[in-house]
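**Q** Using only what follows, build the 3D model:
(2 chains)
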Number of protein chains: 2
Amino acid sequence: MEAAWAELPYSQGSLLGSVNPDLASERQTASFSVEKLTAWLDGGTEHTRLRRAVGTYLQGLETTAVFDITTQEFVLNTPNISAMKWWPGDMGRSATHTVVFAQLYVNGKCYGLHPFIVQIRSLQDHSLCPGITAGDIGPKMNFEHIDNGYLMLQNVRVPRENMLSKFCEVQPDGTYVRRGSQKINYFTMTTVRISLILDEVVIPLMKACTIAIRYSVVRRQSKLKPGEQEAKILDYQTQQEKLLPQLAAAYAFYFISDYLQELFDRGYREIQRKNFDMLPELHAFSSGFKAMVTQYSTSAVEICLRACGGHGYSLLSGLPSLYTKIVASCIYEGENTILFLQTARFLIKCFMAASTGQPVPPSVTYLAAVTPEKCPAKNKLDFLSPDIYTEAYQHMAARLINSTAAKLQDLVQSGVKKHDAWNQCTVQLAQAAKAHCHYITVKNFAETVEKLETQPGIQKIMKHLCDLFALHGIFSNAGVFLHDGYISGAQMDMVTASYLDLLAVIRKDAVPLVDAFDFTDKTLNSALGSYDGQVYQRLYEWAQKSPTNKQISPAYERYLKPLLHKTLSKL
Amino acid sequence: MEAAWAELPYSQGSLLGSVNPDLASERQTASFSVEKLTAWLDGGTEHTRLRRAVGTYLQGLETTAVFDITTQEFVLNTPNISAMKWWPGDMGRSATHTVVFAQLYVNGKCYGLHPFIVQIRSLQDHSLCPGITAGDIGPKMNFEHIDNGYLMLQNVRVPRENMLSKFCEVQPDGTYVRRGSQKINYFTMTTVRISLILDEVVIPLMKACTIAIRYSVVRRQSKLKPGEQEAKILDYQTQQEKLLPQLAAAYAFYFISDYLQELFDRGYREIQRKNFDMLPELHAFSSGFKAMVTQYSTSAVEICLRACGGHGYSLLSGLPSLYTKIVASCIYEGENTILFLQTARFLIKCFMAASTGQPVPPSVTYLAAVTPEKCPAKNKLDFLSPDIYTEAYQHMAARLINSTAAKLQDLVQSGVKKHDAWNQCTVQLAQAAKAHCHYITVKNFAETVEKLETQPGIQKIMKHLCDLFALHGIFSNAGVFLHDGYISGAQMDMVTASYLDLLAVIRKDAVPLVDAFDFTDKTLNSALGSYDGQVYQRLYEWAQKSPTNKQISPAYERYLKPLLHKTLSKL
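**A** Numbering: from 1, shown residues only, chains lettered A, B, ... in the order given. Next up, the predicted model:
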């Protein structure tokens, strides 16, 4: 499939006949000569490529469902290819029915988006139904087994009953009736975002850690001490610093996923009692944590892949497919930046409320708490105290939210319009939201460790991991802790010292800590990461199974043989 | 190919009969009960998987070439599968000859690694030669078109003349003769590392920027101002903050590649005059910059991919293949961490020399320079002065090298062995090397802009990009600038303000700045990034070419039809 695609004549290089006007307008206002810059970059080459700058105007439009009272049907239309739906799974080749969201119109009045069941393929021969344009969107970075599709509708008619009508209905005479709360709509997104954290993100991260850590005690390279045999690469500080923080993060996110699930269950019980008060908090938390965990874990899996060197890049390591799968989670179910900004909006609101003494959800009361202005740590061991580092995170998150709220207010007071002011603060708002989620994750990890008092062996190693996760975060984001002097330069040196010390401590338990995830070799599907560590035998065995190793390459007969036997035409 | 592989029964889950002893030993010293931890993580599940912990001892051994004086041949052997060579391109199915590096033995004495020409396939029928085990290593994250191979040799004999003997030779009577300097060996690596920066890294980064920036002015989403049409996503501050620093980096790296090429040319001229003095500097620079540029650019391309949302994840965007190609550059031609540490070793040496008044290469004289203790900037506009920010980078790089050298000395003086002390400093050494390369890149960008005085239009926009590159670096690595108070918290706020202001300024010229790279649509091979911006038409056109859109899915007849027509067995 991949190969067949690679041969397609995609790259025809021709313009489609017109330039998108949004793009054309960007070129009319350049403050410099593009040709001169290009010539300068190239050291003076001439350029002759045809450039045309006229165009049709494309505008984003949306699918409509117009109620036809005479036939008791809805008529669905996608007005334009830029309004075409892309990406639904299983729609490209397989599905016979879909649920389509469309703008509902009754008697010329628009009632907003509603869901409609639409048949798209014949149940007899699987051909597309009249008015339906649908197909596979082509190759992606992963998910080759799923036929993500595109869909366009032209005068497609469905009976009135095909509108999903639990919360609102169009009656036969065209009367529109709404029941229940509209707020409940975004509870589905909340559910999905919380549930994907464990299955689609934390589990792949745990797998990547397992593979990379097991491989790093089998792979030996260079000598750490003169005269000794080559060292296991996990004995190098730099390799520990790559992998062990990711292992700590896997545990941290496993626990935060529990925390969110519990929050969600509590919210769900309230909703069943018709109390919707927790919805904003649930929405804000599910958004921010989805964004934070997917972003952090994507980068963590990439670190694991690269930490295995060339073999990490082989598909036989299992790591490339974990990466291409997890990077998708940053995009689907809400793009991460947008999600962070939704969390930020909630935090700013809570901060405003808290600072005027109004009640806020327990998870954000810290925004109004008074904390010391300086971190009280006196030596590097003090930074192994969860109170010390949790308070540092709390201070930092509160400061970022506080200072961004202040910037927002200043802008508005200086006459900038509210939406402009918001846009001018979004980089910092996203940073503040991430800081909040980071703080809650550290705090929750520390609380989880505290509850382990009946299992001292496990508690001890979990405490080390919690410390590592927290100190790695301070070490890697030193700026936000140093900014107002809460942590001083000298204290940052203590953080660094404790952080690096912890690596050597956790190093000893690294393999058992991934063994505890208890993945079977079949699940890992990795030549580098299997339980027995027989990396080289397995790589060799699996490589031999390559279809191209079963025969002489077909390219030999066609290209190489004539070349080697000099029977090629001399042309 | 990809698909055929996916069906292979890789995952048989069985242990190969023994556990690698390196891995087994890791499990004997766990400080806690793995079973208890697993049970706790799972909430108490029982585990029954067989675990065996006995094993054979695998050791890294290397290929040898033993001179047989009676036949005037070298006899080559790969002693073990862990000594097998993996990854050479074109070796899996195509090559007939290879150059093999092996430990040369003459009369029982080892002379170290030497290169030998070895025929591996028949010129008649392309079958493997006697004693040769070779094949394709299987699927990778990219480079499907290259048959990277594995190779093992058993008693393979080659004539004496097959040893490459420019610098050393084995004479017929077994006398070993060396000519010229051994140092020259690492000049090849230097050459390759410098040349790959432009072709394999900067060009892909420029392509990714072109695609993402063009798409971001065509794609509209949500409203920035009430009542207006949906906004171009590049008008959002967060999207600018994702893409514009990557654009600035593409220019910065384009210029540093020029700088390195010039340094290299100078070094090469010296070497031709038998002066090898510049080799350590060239080696250190090519290592550090290869590592810095590949690492930065890999993350930059990933940002571009994610900034295009779902469509960035489609192979039709051209971005996934740019990513999977560029991530390989972090691994090949020297793993990045090891390269940074080589640069660090050079810097520490130079620092020691400079601080005792010995001469050092001009590029590192700054290590001994006296700089002010505080950044003199008074307002946000001061941070648009190249002198101000270049000096900040210089101060920061010198401080990191200085403080790591001090830690190293302290450890050694306190009795830690030299190699242990080095290992305990490697995280900070790598950070210091990166800081040095970052400083040189900023300095070189500023100098490039200065030389543009005859082209004021281009100079102005290049100045903006240089400022953005520098301030983005300070904003994103705030900790190292704040650490010793060189930049204060209040000054960091000025940096942030200037940095965010610049985004809006460069935003206006973003499209012309990528147009200037002058890629043809054919080269970009992207439905999102073509010159005319007809994104949606092109996506639709290309998707329709999917082979699976040409026919009813074969899976329909086999699986769906029996299901839909209820002719499936009820079993």
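
**Q** A:I331 is in contact with B:G312, isn't it?
**A** Yes. At 7.5 Å, A:I331 and B:G312 qualify as touching, with contact defined as Cβ atoms under 8 Å. Any C-beta I mention is one placed from the backbone N, CA and C, and that applies to glycine too.

**Q** Overlap of the contact sets of these two?
**A** B:R306 (Cβ atoms under 8 Å, 6 or more residues apart in numbering or on different chains).

**Q** Settle it for me: which of the two has more neighbours?
**A** For the pair A:I331 and B:G312, the greater number of neighbours falls to B:G312 (25 against 20), based on other Cβ atoms under 10 Å in any protein chain shown.

**Q** and that one, how far is that from chain A?
**A** In this structure, B:G312 and chain A are 7 Å apart, going by Cβ to the nearest Cβ, to the nearest Å.

**Q** Need the nearest residue in space to that residue, chain neighbours excluded.
**A** In space, and not counting its chain neighbours, B:G312 is closest to B:L305: 4.4 Å by Cβ to Cβ, 6 or more residues apart in numbering or on different chains.

**Q** Equivalent analysis for A:T567, please.
**A** In this structure, A:T567 finds its nearest non-sequential neighbour in A:K561, 7.8 Å apart by Cβ to Cβ, 6+ apart.

**Q** Now do the contacts for A:L341.
**A** A:T426, A:L429, A:A430, A:A433, B:T238.

**Q** and it, what helix or strand is that in?
**A** Taking DSSP states H and E as the definition, A:L341 sits inside helix A:336-355.

**Q** Just the buried residues of that helix, please?
**A** A:336-348, A:350-351, A:353-354 (16 or more other Cβ atoms under 10 Å in any protein chain shown).

**Q** try stretch A:484-491
**A** Using 16+ other Cβ under 10 Å as the burial criterion, the residues of stretch A:484-491 that qualify are A:D484, A:G485, A:Y486, A:I487, A:S488, A:Q491.

**Q** So which of those residues reach chain B?
**A** By Cβ under 8 Å from any Cβ of the partner chain, the members of those lying near chain B are A:D484, A:G485.

**Q** Just put the buried residues of stretch A:484-491 in a markdown table and tack on secondary structure and pLDDT.
**A** Formatted as a markdown table, the entries for those read as follows, by DSSP: H, G, I helix; E, B strand; the rest coil; pLDDT from 0 to 100:
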| residue | secondary structure | pLDDT |
| --- | --- | --- |
| A:D484 | coil | 97 |
| A:G485 | coil | 97 |
| A:Y486 | coil | 98 |
| A:I487 | coil | 98 |
| A:S488 | coil | 98 |
| A:Q491 | helix | 98 |
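
**Q** Nearest to chain B among the buried residues of stretch A:484-491?
**A** Closest approach to chain B among those (Cβ to the nearest Cβ): A:D484, at 5.4 Å.

**Q** Now that closest one: closest residue in space that isn't a chain neighbour?
**A** Using Cβ to Cβ, 6+ apart and skipping the chain neighbours, the partner closest in space to A:D484 is B:G489 (5.4 Å).

**Q** Next: A:D173.
**A** A:I69 (7.4 Å).

**Q** And for A:T191?
**A** Nearest to A:T191 is A:F264, by Cβ to Cβ, 6+ apart, at 7.1 Å.

**Q** how about whichever helix or strand that neighbour is part of: buried residues?
**A** A:F264 is located in helix A:237-272, with elements delineated by DSSP H and E. By neighbour count with 16+ other Cβ under 10 Å, helix A:237-272 contains the buried residues A:237-257, A:259-260, A:263-264, A:267, A:271.

**Q** same deal with stretch A:224-239?
**A** Within stretch A:224-239, the residues that qualify as buried by neighbour count (16+ other Cβ under 10 Å) are A:L224, A:A231, A:K232, A:I233, A:L234, A:D235, A:Y236, A:Q237, A:T238, A:Q239.

**Q** So which residues make contact with it?
**A** The contact list for stretch A:224-239 (Cβ under 8 Å, 6+ apart) reads A:213, A:216-223, A:240, A:243, A:307, A:500, A:503-504, A:507, A:510, B:22, B:59-60, B:337, B:341, B:417, B:419-420, B:423-427, B:430.

**Q** ok, back up a step: which two of the contacts of A:L341 have the greatest separation?
**A** Spanning the widest gap among those are A:A433 and B:T238, at 11.5 Å by Cβ to Cβ.

**Q** show me where the stretch 151-300 of chain A has helices.
**A** Listed in chain order, the helices found in the stretch 151-300 of chain A under DSSP state H, counting those that start in this stretch are A:185-196, A:203-218, A:237-272, A:279-307.

**Q** Which of these sits closest to B:S287?
**A** helix A:237-272 (14.6 Å).

**Q** Report the separation between A:T294 and A:E541.
**A** When Cβ to Cβ, to the nearest Å is applied, the distance between A:T294 and A:E541 equals 34 Å.

**Q** hang on, A:F445 packs against A:H472?
**A** No. Between A:F445 and A:H472 there is no contact under Cβ under 8 Å: 11.9 Å.

**Q** which of the two has more neighbours?
**A** Here A:F445 and A:H472 are compared on neighbour count by other Cβ under 10 Å; more neighbours surround A:F445, at 28 against 21.

**Q** tell me the pLDDT at the residue lying closest to A:F517 once chain neighbours are set aside?
**A** If you skip the residues right next to it in sequence, A:F517 has A:M206 as its closest partner in space, 4.7 Å away by Cβ to Cβ, 6+ apart. As summarised for this prediction, A:M206 has a pLDDT of 97.

**Q** did I read that right, A:T567 in a helix?
**A** No. Counting by DSSP: H, G, I helix; E, B strand; the rest coil, A:T567 is not part of a helix but coil.

**Q** Kindly state the pLDDT recorded for it?
**A** Looking at A:T567, its pLDDT reads 70.

**Q** what number of residues lie near it?
**A** Burial measure for A:T567: 8 neighbouring residues, criterion other Cβ under 10 Å.

**Q** do A:K451 as well
**A** 9.

**Q** do the same with A:F67
**A** Taking other Cβ under 10 Å as the criterion, the count of residues near A:F67 is 20.

**Q** quick revisit: following the chain past the helix holding A:L341, name the next helix or strand.
**A** Scanning the chain past helix A:336-355 towards its C-terminal end, the next helix or strand to appear is helix A:386-413 (assignment: DSSP H and E).

**Q** by contact count, what packs against that next one?
**A** Counting contacts by 3 or more Cβ pairs under 8 Å, 6 or more residues apart in numbering or on different chains; DSSP states H and E, helix A:386-413 is packed against helix A:336-355, helix A:418-424, helix A:426-450, helix A:456-476, helix A:478-482.

**Q** So for chain A, the centremost residue is which one?
**A** In chain A, the C-alpha closest to the average C-alpha coordinate belongs to A:C330, at a distance of 1.5 Å (Cα atoms, centre = their mean).
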